[in-house]
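Peer 1: any chance you can model this:
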Amino acid sequence: MYLPSFPNVDLFSAGVNALNGVLVARNPSHNRGYAAVGLLIMAFFGGIGGGVTRDVLLSDIPSPLKDPIYPLACVAMGLLGLAIYRYADSREEWFRTRLLAFFKSFSLPWFAILGAHKSLDHRIGIIGAIIVGLIATTAGGVVIDLFSGVTPEIVRPSQHLVTTAVLAATVYAVIAVEYKNAAFFPVTLIAVLVAFVFRIFAVREHWPQIVPLAAPAVGPDNDRTTAA
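Peer 2: Residues are numbered from 1 along each chain as shown. Below is the predicted model:
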């Protein structure tokens, strides 16, 4: 199957995630008193962190560094995020949890598919393509979480973030490899639709994730208590 490039989708996904990066950094859970320039840096992490990580893993010059439109889009969306916080503080929570969450549900599968897409173009197998797709989807968010001193979202119950990315990358990679004569756009749309619908229902219906039963804490204090 011929694998064309789709930079406009990559740019759209980068913009959505850059805006999300600023708004996440302003959450009470993440807010560390960031300066305006710090929030713009978070926009870069969110917008191009995944794409840069993906291309580095594939030994490519990162696309966001070759095309100046990516940094400009991150700056523009970062400034929009600052404006939302400054002038629409009362609506920020609604914007982040409703409208932006919807767009993120759409862009999330694309990031995973782009990662799988480029991996297959580099002759990497299905498993490798799925792994790269997952990393490309989550790397930016992980960096924002770590900078903010927060446990990364991907290892917590997070509205099936990892599941959606793996689902999108898997559907795309399997169909692309097994049906080499299949048309590109139907394959892409199937993968996006499957992952997007799953994500929407998972968030709306609050589908549970597997969380092991919490074990009692064990430490020096507990040992002394037991010995007494």
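
Peer 1: could you pull out the helices in this structure for me?
Peer 2: With helices called from DSSP state H, the chain shows them at 7-25, 36-57, 63-66, 69-87, 89-94, 100-121, 126-147, 161-178, 184-204, 220-227.

Peer 1: touching, residue 187 and residue 174? I think so.
Peer 2: No. Counting by Cβ atoms under 8 Å, residue 187 sits too far from residue 174 to count as a contact (9.7 Å). (C-beta placed from N, C-alpha, C; glycine too.)

Peer 1: for residue 190, what are its contacts?
Peer 2: The contact partners of residue 190, by Cβ atoms under 8 Å, 6 or more residues apart in numbering, come to 171, 175.

Peer 1: what about residue 106, how many residues close to it?
Peer 2: Residues near residue 106, counting by other Cβ atoms under 10 Å, number 16.

Peer 1: ends of stretch 23-41, what's the gap?
Peer 2: 12 Å (Cα to Cα, to the nearest Å).

Peer 1: for the record, mean pLDDT for that stretch?
Peer 2: Across stretch 23-41, pLDDT averages out at 90.

Peer 1: next one: stretch 144-158
Peer 2: Mean predicted confidence for stretch 144-158 is 90.

Peer 1: CA atoms of it as PDB?
Peer 2: Extracted C-alpha coordinates of stretch 144-158, given in PDB (Å, rounded to 0.1, in the frame of the first residue of the first chain):
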ATOM      1  CA  ILE A 144       4.200  18.100  30.900                       C
ATOM      2  CA  ASP A 145       3.200  15.800  33.800                       C
ATOM      3  CA  LEU A 146       6.800  15.200  34.800                       C
ATOM      4  CA  PHE A 147       7.700  18.900  34.700                       C
ATOM      5  CA  SER A 148       4.700  19.600  36.900                       C
ATOM      6  CA  GLY A 149       5.600  16.900  39.400                       C
ATOM      7  CA  VAL A 150       2.500  14.800  38.600                       C
ATOM      8  CA  THR A 151       2.400  11.100  38.000                       C
ATOM      9  CA  PRO A 152       2.000  10.700  34.200                       C
ATOM     10  CA  GLU A 153      -1.500  10.300  33.000                       C
ATOM     11  CA  ILE A 154      -0.700   7.200  31.000                       C
ATOM     12  CA  VAL A 155       0.000   5.100  34.100                       C
ATOM     13  CA  ARG A 156      -3.200   6.300  35.900                       C
ATOM     14  CA  PRO A 157      -6.900   5.600  35.100                       C
ATOM     15  CA  SER A 158      -7.100   8.200  32.300                       C
END
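
Peer 1: surely residue 12 and residue 114 touch.
Peer 2: No. Here residue 12 does not reach residue 114: they are 11.0 Å apart, not a contact under Cβ under 8 Å.

Peer 1: of the two, who's got more company?
Peer 2: residue 114 (28 against 16).

Peer 1: mind showing which ranges of the chain have poor pLDDT?
Peer 2: 1-7, 88-93, 95-96, 99-100, 213-228 (pLDDT under 70).

Peer 1: between residue 187 and residue 174, who's got more neighbours?
Peer 2: Using other Cβ under 10 Å as the criterion, residue 187 and residue 174 rank with residue 187 on top: 20 against 16.

Peer 1: where's that one relative to residue 176, distance?
Peer 2: 6 Å (Cβ to Cβ, to the nearest Å).

Peer 1: ok, now residue 199?
Peer 2: 21 Å.

Peer 1: what does residue 207 give?
Peer 2: Distance, residue 207 to residue 176, by Cβ to Cβ: 27 Å.

Peer 1: which one's more surrounded, the two?
Peer 2: Legend: neighbour count by other Cβ under 10 Å for residue 207 and residue 176, higher for residue 176 (23 against 12).
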